[in-house]
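# any chance you can model this:
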Amino acid sequence: MASAGGSLPRYIAQRLLLIIPMVFLLTTIVFLLLRVAPGDPVSASLGGRLSEDALDQRRASLGLDRPLIVQYLEYLKDVATFNFGETITDNRAIIDIVQENGGATLTLAVSAFIVALVVGLPLGMIAGRMRDTGPDLVIRIFGVITYAAPVFYWGLLFQLLFAGALGWLPVSGAASPETIFEVEPVTHILLLDAVIAGNSEAIVDILEHLLMPAATLGLLLSGIFIRLVRVNVIQSLQGDYIEAARARGIRESRVIRSHAFRNALVPVVTVIGLQVALLLSGAILTEATFNWPGIGNELVQYINNRDYAAVQGIITLFAVVVVLVSILIDIVNALIDPRVRY
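A predicted model of the protein is given here:
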């Protein structure tokens, strides 16, 4: 067995090399799935709005009049240079959509992930510590319900309760029109821009709009963390090192917190990378439900407009993000747990 010091660089190099075949496979699947769909995408998106000559010119500008293999090679070259194309319906570059709407999606994803950790980790620890008791049963049922129910269902319930019945929170959007007008888009992350501007009223307004979407998506992920942490806390409590810690007279609370819970977090780090895809897919439905101005909401609109070029570019971008985050999590996991290097 190689030493830890020699195996870690090799492990990192192997994971980085995996980026190429993984991105190649995902982009190829996206390309083929959209090409086998029946119909002409330009006619589907712009038919009835442009003349036939204008439609032919649009197909030529998008390269859709070329042989399929030429389109595929051009597509791979564009992805390699981070050029994800442009939309059919409004001629927007996908990278511009990312720049303008990516901040909203990032804000929602990070906030939802924080909600998932704050809810899922402590509840999972409590359930594992109080195995097969009443609280454990309640927490497990809660975890199953939050994971099984569709994200848009929770979103509609929250809207009816907190926005409709109680009137505590705004029903949709990232902020009120006044806030959007007042805050200068420096980073295109509205909350961060409001903080930079020192606009406290705008910060409060943005957080009020963010609360329901973040809670909706965060609860979906919390169910996964609850079950994972519970199982690993139970396994950790059965380890010999836990008995040794108790025999040394260490307080039970410290045994749970410093030994069982810490070791239970190792597989959680691995699962975090696997949940990026779920986080992005959930963000699409969440953004559509709350009219959140993110990339997912733009994707839904382009799907409705049958703009396959926009759909292809955004999905390809999502696939690349998922691959990069997964590789990064693998490397972080190797730093935390040396056993994965061998």
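
# backbone phi and psi for Thr81, please?
phi -100, psi 20 (degrees, to the nearest 10).

# could you measure from it over to Gly120?
For Thr81, the distance to Gly120 equals 39 Å [C-beta to C-beta, to the nearest Å]. The C-beta positions use only the backbone N, C-alpha and C, and glycine is treated the same way.

# also Ile88?
Distance from Ile88 to Gly120, by C-beta to C-beta: 41 Å.

# point out where the stretch 101-250 of the chain drops to low pLDDT.
Within the stretch 101-250 of the chain, the stretches with pLDDT under 70 are 239-243, 245-246, 249.

# in it, which spans are helices?
134-148, 151-158, 177-182, 190-197, 200-237, 240-247 (DSSP state H, counting those that start in this stretch).

# need the winner for burial among those.
helix 200-237 (a mean of 21; mean count of other C-beta atoms under 10 Å).

# from the contact counts, what lies against that helix?
If contacts are counted by 3 or more C-beta pairs under 8 Å, 6 or more residues apart in numbering; DSSP states H and E, helix 200-237 sits against helix 94-129, helix 134-148, helix 151-158, helix 177-182, helix 190-197, helix 261-290.

# out of those helices, which comes closest to Val171?
Closest to Val171 of the helices and strands packed on helix 200-237 is helix 261-290 (C-beta to C-beta; 7.8 Å).

# can you name the next helix or strand after that closest one?
helix 295-304 (DSSP states H and E).

# please identify the buried residues of that next one?
Ile295, Gly296, Asn297, Glu298, Leu299, Tyr302 (16 or more other C-beta atoms under 10 Å).

# show me which of those residues is closest to Ala148.
So of those, ranked by how close each gets to Ala148 (C-beta to C-beta), first place is Gly296, at 21.2 Å.

# so what's that closest one closest to, chain neighbours aside?
Ile284 (3.4 Å; C-beta to C-beta, 6 or more residues apart in numbering).

# surely that neighbour and Gln301 touch.
No: counting by C-beta atoms under 8 Å, Gln301 is not a contact partner of Ile284; they are 11.1 Å apart.

# from Ile97, how far off is Val115?
Distance from Val115 to Ile97, counting by C-beta to C-beta: 26 Å.

# let me redo that: Ile314
Distance from Ile314 to Ile97, by C-beta to C-beta: 7 Å.

# what's the overlap in contacts for those two?
Taking C-beta atoms under 8 Å, 6 or more residues apart in numbering as the contact criterion, the common neighbours of Ile314 and Ile97 are Ile295, Glu298.

# compare neighbour counts for these two and give me the winner.
A count of neighbours by other C-beta atoms under 10 Å puts Ile314 above the other of Ile314 and Ile97, at 26 against 23.

# need phi/psi at that one.
Taking degrees, to the nearest 10 as the convention, Ile314 sits at phi -70, psi -40.

# tell me the pLDDT of it.
Among the per-residue scores, Ile314 holds a pLDDT of 88.

# that one and Ile94 touch, don't they?
Yes: applying C-beta under 8 Å, one finds Ile314 in contact with Ile94, separated by 6.3 Å.

# okay, Thr81 and Gly120: which has more neighbours?
A direct count of neighbours by other C-beta under 10 Å for Thr81 and Gly120 places Gly120 higher, at 26 against 8.

# how much space between the nearest residue to the more buried one once chain neighbours are set aside and Val119?
Excluding the flanking residues, the one nearest Gly120 by C-beta to C-beta, 6+ apart is Phe225, at 2.8 Å. To Val119, Phe225 is 8 Å away according to C-beta to C-beta.

# mutual contacts of these two, please.
If you check Phe225 and Val119 against C-beta under 8 Å, 6+ apart, no residue is contacted by both.

# what's Val171 in contact with, if anything?
Gln159, Ala163, Gly164, Phe290.

# any idea how far Val118 is from Ile196?
Distance from Val118 to Ile196, by C-beta to C-beta: 26 Å.
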